[in-house]
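Visitor: Just the structure for this:
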Amino acid sequence: MTRQIYNGVKKDLVLINPPSAFSSYKGTRINALFQNFPLLSLASLAAAAREKGFKVAVLDLGIEMEPYRVLDEKLKEYSPDFVGITCTTPLFPEVKQLGSLIRRKMGLNTKLILGGPHPTALPEECLRDSDFDVVVFGEGEETLIELLENNNLKEIKGIYFKEGEKITSTPLREMIADLNALPYIALDLFDIKRYKCPPILNRETPMVSFMTSRGCVYGCTFCNKNIFGRRFRHKSPEYVLGEIEHCLKMGIKELRFVDDQFTTDMPRAKTICEMIIKKGLKFPWTLAAGLRVDRVDEEFLHLAKKAGLYQVAFGFESGDQASLDSIEKGITTEQSLRAMKMVKKVGGLETIGFFMFGLPADTEESLKKTTNFALKLMPDMAKVTITIPFPGTRLYKQYEEKGLIKSRDWTLYNLHNSGDIYIHPNLSHETMEKYYFRFYRRFYLSPRYLFKRLIKSLRSGTFFNDIRVGFQTFLPRFFKPKTSL
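Guide: All right, here's what the predicted structure looks like:
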């Protein structure tokens, strides 16, 4: 393998975050929640490659004011042998263009690798329609290392690659059994000071997403399991504490736990909290991925709060039981009410509620019920999205088999700015949009919420910031946050 040398430093691999990675919600109802942070997937991949002796650079175009100028400069500086780009569904058109641009600049000697949820769901299509050489299917650390080490692609598990006009696949790779074998995430490859988050979402900045486990044992049809699978695998509490300390030493001020389900193993979750307390680590953290309402108890909440947890998010999804059942969520509205009551009893914890419109069994009546349910739960923040059947989910497969998918324009697969991409069994896209906007008006302009928020903002000194956030929420086209630093 040829390794280029510039300024005495070998640069074998450049990992890239696309320009629009943080700005896809610009101009939407969650305009005010724009944030950026070191991308966990790239930090993990970079650490794994570097541990094996490869020189790695991370190029985060999402925080650049002039991303393509920076890209041009860095490609000339690094002249990498390999470029890896991660990709979600709405970003694929941009990533495709990015790959073509890099190909024109670097020629055929630089191998282009594509990974992430979208290429894992549609690997052949992504290769056929782009200049990428290889798609990494699923979990990427071990596969990436073998791509850097081995020129014989047929010997590498878990990839799709081009052989002339033909696309070839290799056998699936087994999931990483021992997550403790992974190195700590490579935060030193990011310019940490350039990452900022709004005060309404974070107490401290910079923040980083943090994962202590992989895999979700539950079977919600709208959720993509094609990267980490449904088998719960976890890092030991000792490893987790070591990685937390590593993040804090790197300049991170807050951690956002994004495990699929942090409390799948409740005794382990409690042990981690106990160890944070015993170790005397002081940092704010959140459970932001949507904790299941049937996987929480008061003892855990008390321990977590004592360990620095200040915000917990719940995936309530719907206030209608039939709608919940139609996505095989496996929870009840009674459990949602009980979980919220539990959090309020513990006290001192902010809450975020996630809701969805357009679940398979939804009707106009169920959308009204969900809005009223959100008002009854009254979390500190509520976010509703129009359900999108993303490629790789069972919901997408079900809709595709029934001929209900109307568009494969992936830019329209944006949770807060979605287009008319599928035929819902009961609702038009216009109806779902109407109730989407109505949800935000009814929730955030309700007298109960406004009074609650006023008291909180006066006590915390965030009154004027909250006013600004309100303008960004209800007039997103005119009040836009900065999307680059």
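Visitor: so residue 95 touches residue 87, yeah?
Guide: Yes. Residue 95 lies in contact with residue 87 (CB atoms under 8 Å); the separation is 4.5 Å. (Glycine included, C-beta is placed from N, CA and C.)
Visitor: Now the common contact residues for the two.
Guide: 18, 114 (CB atoms under 8 Å, 6 or more residues apart in numbering).
Visitor: partner residues bridging the nearest residue to residue 380 once chain neighbours are set aside?
Guide: Leaving aside its sequence neighbours, residue 380 sits nearest to residue 350 (CB to CB, 6 or more residues apart in numbering; 4.6 Å). As for beta bridges, residue 350 partners with residue 311 under DSSP bridges.
Visitor: Residue 202 versus residue 350, what's the distance?
Guide: 11 Å (CB to CB, to the nearest Å).
Visitor: for residue 369, same thing?
Guide: 32 Å.
Visitor: Which stretches in the stretch 101-250 of the chain count as helices?
Guide: 117-121, 123-128, 141-149, 237-249 (DSSP state H, counting those that start in this stretch).
Visitor: just those helices: most buried one?
Guide: helix 117-121 (a mean of 24; mean count of other CB atoms under 10 Å).
Visitor: for stretch 436-451, how far is the first residue from the last?
Guide: 23 Å (CA to CA, to the nearest Å).
Visitor: just how off-centre is that stretch within its chain?
Guide: With CA atoms, centre = their mean, to the nearest Å as the basis, stretch 436-451 stands 26 Å off its chain's centre.
Visitor: Tell me, please, where in the stretch 351-485 of the chain the pLDDT is lower than the cut-off.
Guide: Applying pLDDT under 70 to the stretch 351-485 of the chain flags the ranges 458-485.
Visitor: where do the strands sit along it?
Guide: Under the criterion DSSP state E, counting those that start in this stretch, the stretch 351-485 of the chain contains strands at 381-386.
Visitor: bridging residues for residue 168?
Guide: Beta bridges link residue 168 to residue 161, judged by DSSP bridges.
Visitor: which residues does the closest residue in space to residue 290 that isn't next to it in sequence contact?
Guide: Distance criterion CB to CB, 6+ apart; nearest residue to residue 290, sequence neighbours excluded, is residue 315 at 3.5 Å. Residues near residue 315 by CB under 8 Å, 6+ apart: 290-293, 329, 354.
Visitor: Sticking with residue 315, tell me its helix or strand.
Guide: strand 309-317 (DSSP states H and E).
Visitor: State the number of residues packed around residue 212.
Guide: Around residue 212 there are 22 other residues, counting by other CB atoms under 10 Å.
Visitor: contacting residues for residue 405?
Guide: 389, 396, 399, 421-422.
Visitor: before we move on, the earlier item: make a ChimeraX selection of whichever of the contacts of residue 315 turn out to be buried.
Guide: Those of those that count as buried under 16 or more other CB atoms under 10 Å are selected in ChimeraX with:
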select :290,291,292,293,329,354
